[in-house]
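Visitor: Got a predicted structure here, sequence first:
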Amino acid sequence: MENQHPQIAHLLHCLELEEQEQAKRYQLDEQHSLKSLKSEGLAIHPIRISRKSFGYAEYPEIGFRIGFPMETSNFRDGMAIECFCQGEESVKGMLLSFDGRQGEFRLFAPDFPDWLEDDGVGIKLTPDTRTTAIMKKSLLEITSNPRLNSLFATIHGETLFQLSTNKNIHLTLDFQNKQLNKSQQMAIEGMMSDEKMMIIHGPPGTGKTTTLLEGIVQLVKTGEKILVSAPSNAAVDNIAKGLIDKNIKFLRIGNNTKVDASIFPFTPEGKLIESKQDKEIKKLRIRADEIRKMANQYKRRFGKDERDQRNLLIKEVKNIRQEIKALQQYNEEKLFSEAQVILGTPIGLMDPQLKKIEFNTLIIDEAGQCLEPLAWCIFDLAEKIILAGDHLQLPPTVLSDKAAHLGFNKSILENCFGKFEHIFLLDTQYRMRESIAQFSNEYFYEGKLKTPPQLANLHSHVTFFDTAGTGFDEEGGKDGSSLMNKGEIELVLKIMEQDKLNPSKCAFISPYAGQISLAKESLPKEMHISTIDSFQGQEMETIIISTVRSNPEKQIGFLKDHRRMNVAMTRAIENLYIIGDSTTLINDPYFEKMFLYFDRIEAYKTAWEIMYS
């Protein structure tokens, strides 16, 4: 395309690389047998069907169980899947929920496949071609949209504004929340300004959600119509829960099959229950189900007359479902027009009806985890854009190493930071003890974060256990397997025993899935056990970090991205324990500074002290 910004071509190339990597990982073919996909945690097979029904949008939805433990950590809510059975054509869908033993998925098909309850049915992860296609289309449309083209040029241009965290906008607001600190109040005043793009920088524990909720309240007071998005359903639901008691008319759209019970009444499906269309839809569903049962009386291999009769019945079912969809759409149009705030993930907001609505403000929360092309999918939906998050925590997940090397894992927030004048730092953290927060504050946030007096240190809240010389070496890493360190797990058990830690108030986190699998076999069942990446956004009274790496080559792998340790260390509220081999870690400048900090606050211990005392 003529006059296309070179960075658009670059992002499109990265999307292609990501697409290729997805296809390579998830493909079930001669090179990737079902056995290998299962061993890599990319397929769940076999599954037992426990429930079949038609969901809100009249897509088939299937509940399932698995009969024995298998590697399923890659299967997360909202991921693209295919349902398959050997010798049959697979059907694309989406995983709605999964807890490790049972779950449910939606199929993008008019009906259930005939083979669904045969032996050997499974599901596997598949490239999310729909999301990729939407992102590509959005990037290609930037050039033809003068406003977006100008915005893109600013984000990827050379002009930088002077960063300032103290913008005085001179607004007098009647804050609903009387507990807001000065930096939060100023960020809300920034949200009320006429700036077309602004950033709220919210380091860990600084009340970013609290600030956004008050900002939404103030914007609604002025009559604005607001769109709220985030790259994950969990982040969207977090804002939605906060709006429930704010006396605001809001609508949560997108994947609402497994939303929190408190949010369900605010989804189109939940609102439909109160509408006059509900009874009519129920009658139509009963009728469709009766006809479908009649159609299913015919076997798959039958004569022409039976086939023709079955096809007629199936056609009638499809017509009824179209009628149901029309009633639902009518109901949604009314809901969209009445709502003051509409919330959803960027892909969840890809509803044609939203294009007809004029939104004043778009808020993207957790923008530090939002891929840039994903943001461009929704940037044209509102006049003013507010990005909120922390680019110094973990970036978006990118499968392709080549794309990541080309900078594709730089979030929209990271790309925008410093390019716009209105950047507001939330400067007071309320989550953790001062000694837990201080190293990240010094290393990542230039010492700008304050801790209130009530979180001053009562005693030592940080301990680093050095495993150097203990023989606790890392294992694994061959043939694509994840690393683990058995000695560090043994040390965790000793720490918990010595310090009388309550397992239900502890979280064990590590960069490596192999260490997490080992921990789940060895540590108390009440303990929260998770990779660092999966634990971002959460907190726990006590955090135990296992760094795993211990090798003569002094290789530290995932730990090279220091933002991963920033996330890990700032999850703790009261106590933080870090386990690592100083001889492996100390060659990295980040860890060298960390060890100096531990020495300064007398947080350093050797593993010998506890293992062999």
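Guide: Cool, the structure landed.
Visitor: switch to C-alpha atoms for all contacts and neighbour counts from now on
Guide: Noted.
Visitor: can you dump the C-alpha coordinates of stretch 265-281 into CSV?
Guide: Written as CSV, here are the backbone C-alpha positions of stretch 265-281 (Å, rounded to 0.1, in the frame of the first residue of the first chain):
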residue,chain,number,x,y,z
PRO,A,265,-26.7,-9.8,35.5
PHE,A,266,-24.7,-7.1,33.6
THR,A,267,-24.1,-9.2,30.4
PRO,A,268,-26.5,-9.2,27.4
GLU,A,269,-27.5,-12.8,28.4
GLY,A,270,-28.1,-11.8,32.0
LYS,A,271,-30.1,-8.7,30.9
LEU,A,272,-32.1,-10.9,28.5
ILE,A,273,-33.6,-12.8,31.4
GLU,A,274,-35.5,-9.6,32.5
SER,A,275,-36.7,-8.8,28.9
LYS,A,276,-40.0,-9.7,27.2
GLN,A,277,-38.1,-11.5,24.5
ASP,A,278,-36.9,-14.2,27.0
LYS,A,279,-40.1,-16.2,27.0
GLU,A,280,-40.3,-16.2,23.3
ILE,A,281,-36.7,-17.3,23.0
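Visitor: How far away from the center of its chain is that stretch?
Guide: If you compare the mean C-alpha spot of stretch 265-281 with that of the full chain, they lie 28 Å apart, counting by C-alpha atoms, centre = their mean, to the nearest Å.
Visitor: for that stretch, which positions count as buried?
Guide: By neighbour count, with 16 or more other C-alpha atoms under 10 Å as the criterion, the buried positions of stretch 265-281 are 265, 266, 267, 268, 269, 270, 271, 272, 278, 281.
Visitor: Now for the residues you listed: which two are most distant?
Guide: Distances among the buried residues of stretch 265-281 were taken as C-alpha to C-alpha; the most separated pair is 266 and 281, at 19.0 Å.
Visitor: What are the buried residues along stretch 605-613?
Guide: Buried positions in stretch 605-613, judged by neighbour count with 16+ other C-alpha under 10 Å: 605, 606, 607, 611.
Visitor: mind listing what the last one touches?
Guide: Which is residue 611. Contacts of residue 611 were listed using C-alpha atoms under 8 Å, 6 or more residues apart in numbering, and they are 491, 494.
Visitor: per-residue pLDDT, it?
Guide: Each residue has a pLDDT score; the one for residue 611 is 80.
Visitor: shaky segments in the chain?
Guide: For the chain, applying pLDDT under 70 flags the ranges 1-3, 27-32, 56, 158-171, 255-259, 274, 298-302, 478-481, 613.
Visitor: Identify the single longest helix in it, thanks.
Guide: Longest helix in the chain, counting residues (DSSP state H): helix 304-338.
Visitor: elements contacting that helix?
Guide: The helices and strands touching helix 304-338, judged by 3 or more C-alpha pairs under 8 Å, 6 or more residues apart in numbering; DSSP states H and E, are helix 268-272, helix 277-295.
Visitor: Does anything pack onto the helix or strand just after that helix? Which helices or strands?
Guide: For helix 304-338, the following helix or strand on the C-terminal side (DSSP states H and E) is strand 341-343. Here strand 341-343 touches strand 226-229, strand 250-252, going by 3+ C-alpha pairs under 8 Å, 6+ apart.
Visitor: Which of these sits closest to residue 356?
Guide: With distances scored as C-alpha to C-alpha, the stretch of the helices and strands packed on strand 341-343 nearest to residue 356 is strand 226-229 (13.3 Å).
Visitor: wait, what's in contact with the residue positioned nearest the centre of the chain?
Guide: Within the chain, the residue whose C-alpha comes closest to the C-alpha centroid is residue 232; the distance, by C-alpha atoms, centre = their mean, is 3.6 Å. Contact partners of residue 232, counting by C-alpha under 8 Å, 6+ apart, are residue 345.
Visitor: How about the backbone phi and psi for it?
Guide: Per-residue torsions, residue 232: phi -120, psi 150 (degrees, to the nearest 10).
Visitor: can you start the count at 731 instead of 1 from here on
Guide: Let's use 731 as the start, then, which means that last one is residue 962.
Visitor: From residue 808, how far off is it?
Guide: Distance, residue 962 to residue 808, using C-alpha to C-alpha, to the nearest Å: 9 Å.
Visitor: With residue 1242 instead?
Guide: When distance is defined by C-alpha to C-alpha, residue 1242 is 23 Å away from residue 808.
Visitor: same deal with residue 1287?
Guide: The spacing between residue 1287 and residue 808, counted by C-alpha to C-alpha, is 29 Å.
Visitor: Compare neighbour counts for these two and give me the winner.
Guide: Applying other C-alpha atoms under 10 Å to residue 1287 and residue 808 shows that residue 808 carries more neighbours, namely 17 against 10.
Visitor: would that one count as being in a strand?
Guide: No: Residue 808 is assigned coil when assessed by DSSP: H, G, I helix; E, B strand; the rest coil, not a strand.
Visitor: so how far does stretch 1225-1238 reach from one end to the other?
Guide: Distances were taken as C-alpha to C-alpha; on that basis the terminal residues of stretch 1225-1238 are 12 Å apart.
Visitor: With stretch 825-836 instead?
Guide: End-to-end distance for stretch 825-836, by C-alpha to C-alpha: 6 Å.
Visitor: before we move on, what about stretch 974-983?
Guide: Distances were taken as C-alpha to C-alpha; on that basis the terminal residues of stretch 974-983 are 15 Å apart.
Visitor: So which bits of stretch 853-863 are buried?
Guide: Residues of stretch 853-863 classed as buried: 853, 854, 855, 856, 857, 858, 861, 862 (neighbour count, 16+ other C-alpha under 10 Å).
Visitor: ok, now stretch 737-751?
Guide: Along stretch 737-751, the positions that meet the burial threshold by neighbour count (16+ other C-alpha under 10 Å) are 738, 741, 742, 743, 744, 745, 746, 747, 748, 749, 751.
Visitor: Equivalent analysis for stretch 825-834, please.
Guide: 825, 826, 827, 828, 832, 833, 834.
Visitor: cool, stretch 1221-1236 as well?
Guide: Residues 1221, 1222, 1224, 1225, 1233, 1236 are the ones in stretch 1221-1236 that count as buried (16+ other C-alpha under 10 Å).
Visitor: what separates it from the chain centre, distance-wise?
Guide: The offset between the C-alpha centroid of stretch 1221-1236 and the centroid of the whole chain comes to 29 Å, using C-alpha atoms, centre = their mean.
Visitor: With stretch 1325-1339 instead?
Guide: Mean C-alpha position of stretch 1325-1339 versus that of the full chain (C-alpha atoms, centre = their mean) differs by 34 Å.
Visitor: Do me a favour and get the end-to-end distance for that stretch?
Guide: From its first residue to its last, stretch 1325-1339 covers 18 Å (C-alpha to C-alpha).
Visitor: Tell me if residue 781 really is in a strand.
Guide: Yes: with three-state DSSP as the criterion, residue 781 is located in a strand.
Visitor: quick one on the thing from earlier: redo the helices and strands packed on helix 1034-1068 as CSV? Include distance to residue 1190.
Guide: Below are the helices and strands packed on helix 1034-1068 laid out as CSV (distance: least, C-alpha to C-alpha, whole Å):
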stretch, distance to residue 1190
helix 998-1002, 49
helix 1007-1025, 59
